[in-house]
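Colleague: Make a model of this:
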Amino acid sequence: LCGDALEDDAPEGAITPDVRHSITQHKAELLSLLHQYSDVSNVNLNQLPTVVPQPEARYQPFPLTDMQHAFWVGRSGALELGEVANHGYYEIESYDLDLERLNWALQRLIDRHDMLRAIVLPDGQQQVLKEVPSYQIEILDLRSLPDSVVESKIDDVRYRMSHQVLPADQYPLFEFRATRLDKGKVRLHISYDLQIFDAWSLFRLFDEWFQLYQTSTAELIPLEISFRDYVLAEQSLQETQLYRQSQDYWLSRLDTLPPAPDLPLAKRPSDLQNHRCKRYEGGLEQSVWQALKQKAAGAGLTPSGVLLAAFSEILAVWSKIPRFTINLALFNRLPIHPQVGNILGDFTSVTLLEADHSVPKSFANQAVQLQQQLWRDLENRYFSGVRVVRELSRQRGAAPSAMPVIFTSTLGFSSLGQNTRTFSHFGELVYGISQASQAWIDVQVWEENDTLTFNWDVVEELFPKGLVDDMFSAYCRFLKILATSESAWTEIGRQFVLPNQINQ
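Modeller: Numbering: from 1, shown residues only. From the prediction side, this is the model:
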C-alpha cells in the first residue's frame, strides 16, 4: 500500500492476467481493507494485547465494552429517546420446518456460546451464567383458522416482540417463537438484544444453527477463547501507543467536530414517550448493483463508500447545516486471536464521521473526500466514538451529545470470511425492524445473492409528515441514477437528488 496506490511486489509471473484483472476490479475494496488494517502491521501487531484464555474464570463478572455500556445506559431512560433496547426483530417464513430439531440445534448453540447465557448485573458488569433452564421455542398453531384471525394473531406477536425491552439482568436476552400456518408453512419470530451480540454474531449464529439443523452429527470447532477473554484483553489496549495516538487524534478534533445533521423536526425528542420505529425497505437488483459497484470502483470508492456518500448527499439536502457528523457503526474485532471471528458478543464500536458539504463539489470528489476522511478515522479507531461523545459532552458541559443518524454496512463481511446469508438459510425474510436508544434514523445496508438491500429504521413521529418518505425515495432514486449515469458523478450530487425542488 502506497497512499491510494497498490504496489506489486510479487515475483515475476506470480500474478496472472486473471488475478491482475480481479485486483483491478476490486481495487477500492482492497484499499479500504488495507487502510482499515494498515496500522495492524507486523510491527503494530506486537502492540496489540494478547488474549489469555481463562476458562477457570469463565463465569466471573467482567466489564461491559464502551458500546455495551452505552446501550445499558440508553435503555435506562436517563437520556432522550431512551427506555428502548438496542434490539432487532425478524420474521422468517419457512416450509416443513422440523421445529423439534430446530429447538435441539438452538439448545446446542446456547450451551456452546457464552454470550447466549449472559446478563448485565445491576452494578454495570456482565456475567455468563453457568447453568440456565433448557430453552423451548414457543409454538402458536394457527392452522385451519380464517385468514383474518391468522393475520390478527401474527400482528399481536409482532407488536409484543418487535420492540421488546427484555430485562438486562435476566436470562434470556432473546426470544425465539414459531407459528404454524396452513400448507406446511412455519413463521419464525426472532427477537434479540444487541446488548449481548452484534450483526456479525447473528450471521455466525444462523450459520451454525443451520449447520446443526441439517446434520445433527456436525462437529463445530471447539472454542478456545470466550468473549470475556477478549474484553479483558481489549481493555489493556488503553496502555498502548496505538490507543494514545488515537486518543490524541480525536481530542485534537473536538473543537471542530460538527454536530449531527440539523433535520426538520415535528416534535422534540424529549416529547416522545414509548416511541416505535418504522422501517423503510429498498434495494438494487443484481444488474443495477453490479453497475453501481463498477462505477464506484472506477472512482476509487468501495461499495460501502458510495452508499454512504449518497446517503450523505441526501442529508445535505435536508439539513439546515452543510457540515455534520454521521454516526458510523463498526464491527471492530481486533485480530488478536485466530478465533475472534468465531465467538458471539457485542464487538460493535462507532466512529464519528464528519461530512462537509459547505463547498460544492462533484459527487465523485465529494464521495472520495468522505472516504478519505473515514480512512483517517479508521486508522485511529482505538479511541472509540463512545469516548469521543463523552469528551464532547464534558467539554461542552452538557448531557451526552446525541449523534442520532447512524449508518451501518456489512458489505465487507464476506471478504473477511463471514457469510451474510442469515435469513435465507431457513426461508424468506418477511418482516424486520430494529431500534436503538437515541437513534432518529438508523440505516443498514447488506448484500445477499449479489443484490443490495438497505433499510432505514426511523422514529417517524419526530419528523414532519412525508419528510422521511421523501428522503428515502430520493435515496433510492439517486442510487439508480449513479448506477446508470456518468454525469451524476461529474456534477454536484444534490441536483440529482430532488431536481425539481433544487432548481426552483
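Colleague: quick one, phi/psi of Thr453?
Modeller: Backbone torsions of Thr453, given as degrees, to the nearest 10, read phi -120, psi 140.
Colleague: Name the residues of stretch 374-382 that are buried.
Modeller: For stretch 374-382, the buried set under the neighbour-count rule, 16 or more other C-beta atoms under 10 Å, comprises Leu374, Trp375, Asp377, Leu378, Glu379, Asn380, Arg381, Tyr382. In short, each C-beta sits where N, CA and C put it, glycine included.
Colleague: how long is it end to end?
Modeller: Length of stretch 374-382, first residue to last, C-alpha to C-alpha, to the nearest Å: 14 Å.
Colleague: i'd like the first residue to be 52 from this point on
Modeller: Right, with 52 as the first residue, what we last looked at is stretch 425-433.
Colleague: any idea of the pLDDT on Leu503?
Modeller: Model confidence at Leu503, expressed as pLDDT, equals 96.
Colleague: quick one: it from Tyr264, how far?
Modeller: Distance from Leu503 to Tyr264, counting by C-beta to C-beta, to the nearest Å: 28 Å.
Colleague: Of these two, which one has the most company?
Modeller: Leu503 (23 against 20; other C-beta atoms under 10 Å).
Colleague: thinking that one is in contact with Ala342, fair?
Modeller: No - using C-beta atoms under 8 Å, Leu503 is not in contact with Ala342; the gap is 11.2 Å.
Colleague: Could I get the full set of strands for the stretch 52-201 of the chain?
Modeller: Defined through DSSP state E, counting those that start in this stretch, the strands belonging to the stretch 52-201 of the chain, from first to last, are 113-114, 138-146, 169-171, 176-179, 189-192.
Colleague: so who does the most centrally placed residue in the chain touch?
Modeller: Central residue check for the chain by C-alpha atoms, centre = their mean: the C-alpha nearest the mean position is that of Thr459, 4.1 Å away. Counting by C-beta atoms under 8 Å, 6 or more residues apart in numbering, Thr459 makes contact with Ala250, Leu379, Ala380, Asp493, Val494, Gln495, Val496.
Colleague: Quick one, which of these are buried?
Modeller: The neighbour count (16+ other C-beta under 10 Å) marks Ala250, Leu379, Ala380, Asp493, Val494, Gln495, Val496 as buried among the contacts of Thr459.
Colleague: Who does the closest residue to the third one other than its chain neighbours form a beta bridge with?
Modeller: Of all residues beyond its chain neighbours, the one nearest Ala380 is Thr459 (4.0 Å), with distances taken as C-beta to C-beta, 6 or more residues apart in numbering. Taking DSSP bridges, one obtains Gln495 as the residues bridged to Thr459.
Colleague: Please report how far Thr459 lies from Leu421.
Modeller: When C-beta to C-beta is applied, the distance between Thr459 and Leu421 equals 16 Å.
Colleague: Relative to Trp251, how far out is the residue nearest to the centre of the chain?
Modeller: When C-beta to C-beta is applied, the distance between Thr459 and Trp251 equals 11 Å.
Colleague: repeat for Ser538
Modeller: In this structure, Ser538 lies at 38 Å from Trp251, with C-beta to C-beta as the measure.
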